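Q: Sequence and predicted model, in that order:
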Amino acid sequence: MAQIITMPRLSDTMTEGVVATWLKKVGDTIKSGDILAEIETDKATMEFESFYDGVLLHIGIQEGQSAPVDSLLAIIGQQGEDISGLLTGGGTTLETKQIVETQPEQSTSSPSAEIPAGVKVVTMPRLSDTMTTGTVATWLKKVGDAIKEGDIIAEIETDKATMEFESFNAGTLLYIGVEEGGSAPVDSILAILGPEGTDVSGVVANFKADGSQKITKAESVVEAKTESIAVSNSISTSSSGRIFASPLAKKIAQDKGIDLAQVKGTGENGRITKADVEGFNPTSVSPAQAIADATSSVASVKPFVPAGEVYQEEIKNSQMRKTIARRLSESKFTAPHYYLTIELDMDNAIASRNMINGLPDTKVSFNDMVIKASAMALKKHPQVNSQWREDAMVINHHVNIGVAVAVEDGLVVPVLKFADQMSLSQIGISVKDMAGRAKNKKIQPAEMEGSTFTISNLGMFGIQSFTSIINQPNSAILSVGAIVEKPVVKSGQIVVGNTMTVTLACDHRTVDGATGAQFLQTFKAFMENPVTMLA
């Protein structure tokens with residue numbers, strides 16, 4: 001019997017998903033446990049596996065297409081099985097899918113607005129549950145181009161990622177509502193499609209007259225020439241020098257150190273795809289091309305700027321950067337922060353770590369020791385492991401420690417759950433795994449939720465002391481500096497010692513000064529005598 005597979009809910013905040021890649025095609029034999037597709041949520045790209053055996057009979061959401069949770073994703077059944085009843089029977093799943101296919105291009109203009117026959121208004125899509133505005137990173141089509149259903153027409157930047165946006169309709173691109181680099185609220189006019197030569201100035205005017213949307217491009221665009229200009233499939237850059245590549249291709253190229261300018265795109269209009277980057281062979285570049293590239297590179301170097309001349313560069317804020325700014329501002333100005341700093345003697349910790357790492361197949365870092373000591377100290381001082389609500393204060397008796405990780409576009413905080421119950425080696429393995437996947441945008445959203453306390457470590461950058469902004473709804477965050485070798489006094493004698501400074505930022509609504517100080521005393525005792533953490 002055929003099985004309907006719906007868009008999964010991969011996190012508690014997920015309301016819709018995007019099919020990044022289909023790893024199977026219609027007609028393929030599927031086994032339980034096979035990876036069917038990669039699904040993009042608002043926080044990560046995750047593999048989605050099948051729980052059924054059979055043949056893939058139908059794909060309901062194409063690559064690059066977004067759809068709400070529980071929409072029809074695929075159907076698996078027996079070879080030759082009739083599934084027409086599932087597709088036309090008017091079931092809940094099918095109705096959801098039909099809404100998905102029309103929603104991105106529904107006009108939100110007033111009922112009185114007259115839309116010519118065949119014209120479709122495409123609005124700024126909501127690509128994540130937290131998205132309120134989107135930025136057009138790249139237009140892959142221009143006014144006058146013929147659009148096919150499924151064509152990628154633009155790359156949209158949200159607060160979490162840059163995603164490809166495909167058309168659900170065919171027609172001529174008659175109007176662009178948001179310029180490249182421009183931002184607009186969800187449901188604003190993004191573009192208008194329809195028969196070539198159709199006058200859509202009335203549609204734009206009525207949509208604007210509604211008063212609910214903002215148009216960021218002049219109406220004169222409608223009068224732009226509608227002649228279609230062919231683009232060679234062997235060229236992946238525009239006349240302005242912009243390289244056309246999918247976000248995933250850009251990420252892989254960055255990780256591998258590949259210059260996209262040397263990669264030949266095989267996608268639509270010469271667009272560079274994931275396969276192009278993964279199959280790129282640097283040795284295939286001819287000597288003549290290498291010389292041309294080098295010459296071009298030299299020619300593109302900015303001229304020397306004389307002393308005293310003002311020189312500035314403006315970089316647009318990404319949606320992730322805007323979100324980080326907003327949330328940290330909210331934390332800083334709503335939670336009354338105060339800071340407690342203490343210096344640790346790290347001699348015993350260094351000796352203990354050397355001894356532990358001398359064991360076969362064992363590797364722990366000082367950061368792992370900080371996490372373990374923090375977790376054990378939180379069990380003794382649960383007031384620090386709390387969160388503030390207007391009607392009550394919540395004391396967490398479980399310990400979930402968030403570990404701040406710097407990524408290309410900002411900062412993410414993977415969460416080590418029940419850290420107090422883990423050994424040092426288990427902590428080390430888990431942190432290394434989560435941090436690696438966070439930097440590659442492969443970490444699951446559920447792995448970044450539910451923290452009760454946060455640790456930020458800049459010691460590896462040589463920073464000796466700093467303060468952090470609390471990661472709400474936590475009540476505290478620990479800032480960890482570098483281990484420094486310096487003269488210290490021991491038993492009345494000046495000797496060479498190793499010290500480390502940590503600073504605890506506390507929310508005074510939940511953690512009083514004495515409570516925070518007692519926590520640091522316990523933390524210090526564990527760090528300066530690591531054997532007590534193993535007892």
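A: Noted; the coordinates are in hand.

Q: Return the residues in contact with residue 467.
A: By Cβ atoms under 8 Å, 6 or more residues apart in numbering, residue 467 lies in contact with 339, 479, 503, 505. For glycine as for every other residue, the C-beta is placed from the backbone atoms N, C-alpha and C.

Q: residues contacting the third one?
A: With Cβ under 8 Å, 6+ apart as the criterion, the residues that contact residue 503 are 339-342, 465-468, 478-479, 481.

Q: same thing with the second one?
A: Residue 479 sits next to 456-458, 465-468, 502-505 when contact means Cβ under 8 Å, 6+ apart.

Q: try the first one
A: Under the criterion of Cβ under 8 Å, 6+ apart, the contact list for residue 339 reads 467, 503-506.

Q: So what are the sheet partners of the helix or strand encompassing it and their directions?
A: If you go by DSSP states H and E, residue 339 is part of strand 337-345. When pairing is defined by DSSP bridges, strand 337-345 lines up against strand 493-507 (antiparallel).

Q: before we move on, the earlier item: ok now the strand holding residue 339, how far from the chain's centre?
A: Once both centres are worked out by Cα atoms, centre = their mean, to the nearest Å, strand 337-345 turns out to sit 32 Å from its chain's centre.

Q: What are the boundaries of the strands in the stretch 51-200 of the chain?
A: Taking DSSP state E, counting those that start in this stretch to define them, one finds strands in the stretch 51-200 of the chain at 54-59, 66-68, 72-77, 120-123, 133-139, 146-147, 152-157, 162-166, 171-176, 183-185, 189-194.

Q: so can I have CSV of the contacts of residue 339 showing distance to residue 271 and pLDDT?
A: Listed next are the contacts of residue 339 as CSV, based on distance: Cβ to Cβ, whole Å; pLDDT from 0 to 100:
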residue, distance to residue 271, pLDDT
467, 45, 95
503, 48, 97
504, 50, 97
505, 46, 96
506, 50, 96
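
Q: from the residues you listed, which single one is nearest residue 519?
A: residue 504 (6.9 Å; Cβ to Cβ).

Q: wait, doesn't the closest one sit right on residue 478?
A: Yes: judged on Cβ atoms under 8 Å, residue 504 makes contact with residue 478 at a distance of 5.5 Å.

Q: Provide the secondary structure category for residue 18.
A: With DSSP: H, G, I helix; E, B strand; the rest coil as the basis, residue 18 sits in strand.

Q: give the contact list for it.
A: The contact partners of residue 18, by Cβ under 8 Å, 6+ apart, come to 39-41, 64-67, 127, 163.

Q: Could you tell me how far residue 354 is located from residue 6?
A: 53 Å (Cβ to Cβ, to the nearest Å).

Q: Between the two, which has more neighbouring residues?
A: More crowded of residue 354 and residue 6, by other Cβ atoms under 10 Å: residue 6, with 19 against 9.

Q: and the residue lying closest to that one once chain neighbours are set aside, how many residues sit next to it?
A: Excluding its sequence neighbours, the residue lying closest to residue 6 (Cβ to Cβ, 6 or more residues apart in numbering) is residue 70, at 4.7 Å. Using other Cβ under 10 Å, residue 70 is surrounded by 15 other residues.

Q: Likewise for residue 313?
A: With neighbours defined by other Cβ under 10 Å, the count for residue 313 comes to 4.

Q: State the pLDDT value of it.
A: Residue 313 carries a pLDDT value of 83.

Q: again, but for residue 208
A: If you check residue 208, the pLDDT there is 52.

Q: same question, residue 193
A: 92.

Q: Thanks a lot, see you next time.
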